[in-house]
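1. All I have is the shape, not the residue letters:
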């Protein structure tokens, strides 16, 4: 099991990197969705 | 979307099982060689991202439709994330095997250049306000940047390199059980790529709708 620490580090980087990116783009999409809803309501109010 | 993420998660679980319990430990490098099963698919999906960006960039220049710019930008962003992980995992693999974190080998150097080109694309995107100008500049950069992808792929074959060449023109130089684990990991990464691409581009389309609505509100 020599060099196991390098393998663990590599897998940690892969999973945390992909997970953080997925979280980032999902969060961005959610914010945009909320902003879109707000603007649609504003447009309705303005007639 | 949820289906794609579930399929991707299932494929990843199966790939991890094959990598650690089915594929044998490589006799020279030992356990650390198992980085390879994710390092190579990361690189291939990154190349695929830049291919998509190249095609969408061309389509934008021909058709001038904003959807191609959204696809191209999304693809490059995913590609940069994947290339970053390729460079990190490569470095972590190189340290115990080559006894160095980094060496100016042709494969490594061209990969770093690839990352820099597309990181510059993202910076360029953020620095131009006018939409059509930004889309045109970025399309041109996605097309020119793609020139480096075949160079990265061929670098270890064309020049003297210490980086191993596993995928050859007509075969994959590996034992069948290792090949199966690699193929499954490849499928897992491509399914994840499509899930990320759908989420990322739907965000781009939402932003376009927001801008359209903001313009309508300003007019009223």
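-> Arrived safely. Keep in mind that what you see is a predicted model, and the values were worked out from it rather than measured.
2. contacts for stretch B:112-119?
-> By C-beta atoms under 8 Å, 6 or more residues apart in numbering or on different chains, the surrounding residues in contact with stretch B:112-119 are B:46, B:50, B:76, B:79-80, B:83-84, B:87, B:141, B:145, B:148-149, B:152. C-beta coordinates here come from the backbone N, C-alpha and C atoms, glycine included.
3. Are any of the residues you listed buried, and if so which?
-> The neighbour-count test (16 or more other C-beta atoms under 10 Å in any protein chain shown) marks B:46, B:50, B:76, B:79-80, B:83-84, B:87, B:141, B:145, B:148-149, B:152 as buried among the contacts of stretch B:112-119.
4. one step back: make CSV from the contacts of stretch B:112-119 and add pLDDT to it.
-> Putting the contacts of stretch B:112-119 into CSV (pLDDT from 0 to 100) gives the following:
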residue, pLDDT
B:46, 97
B:50, 97
B:76, 97
B:79, 97
B:80, 97
B:83, 97
B:84, 97
B:87, 97
B:141, 96
B:145, 94
B:148, 93
B:149, 94
B:152, 93
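5. out of the residues you listed, which one sits closest to chain A?
-> Proximity of those to chain A (C-beta to the nearest C-beta) peaks at residue B:84, which lies at 7.0 Å.
6. Quick one: list the elements packing against the helix or strand containing that closest one.
-> Taking DSSP states H and E as the criterion, the element that holds residue B:84 is helix B:66-98. Taking 3 or more C-beta pairs under 8 Å, 6 or more residues apart in numbering or on different chains; DSSP states H and E as contact, the helices and strands that helix B:66-98 lies on are helix A:4-46, helix B:36-63, helix B:106-127, helix B:131-145, helix B:176-219.
7. could those helices be laid out in TSV, adding distance to residue B:8?
-> Listed next are these as TSV, based on distance: least, C-beta to C-beta, whole Å:
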stretch	distance to residue B:8
helix A:4-46	10
helix B:36-63	12
helix B:106-127	23
helix B:131-145	25
helix B:176-219	4
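8. so which of the ones you listed comes closest to residue B:157?
-> helix B:106-127 (9.5 Å; C-beta to C-beta).
9. Pull the contacting residues for residue 43.
-> You didn't say which chain, so I picked chain A. Taking C-beta under 8 Å, 6+ apart, one finds B:213, B:216, B:217, B:220 in contact with residue A:43.
10. The chain in question should be chain B.
-> Residue B:43 makes contact with B:82, B:83, B:86, B:111 under the criterion C-beta under 8 Å, 6+ apart.
11. Residue B:45 is in contact with the first one, correct?
-> If I follow you right, that is residue B:82. Yes: checked against C-beta atoms under 8 Å, the pair residue B:82 and residue B:45 is within contact range at 5.4 Å.
12. Find residues that contact each of the two.
-> Common neighbours of residue B:82 and residue B:45 (C-beta under 8 Å, 6+ apart) are residue B:193.
13. between those two, which one's more packed in?
-> Ranked by neighbour count (other C-beta atoms under 10 Å in any protein chain shown), residue B:82 and residue B:45 place residue B:82 first, with 29 against 25.
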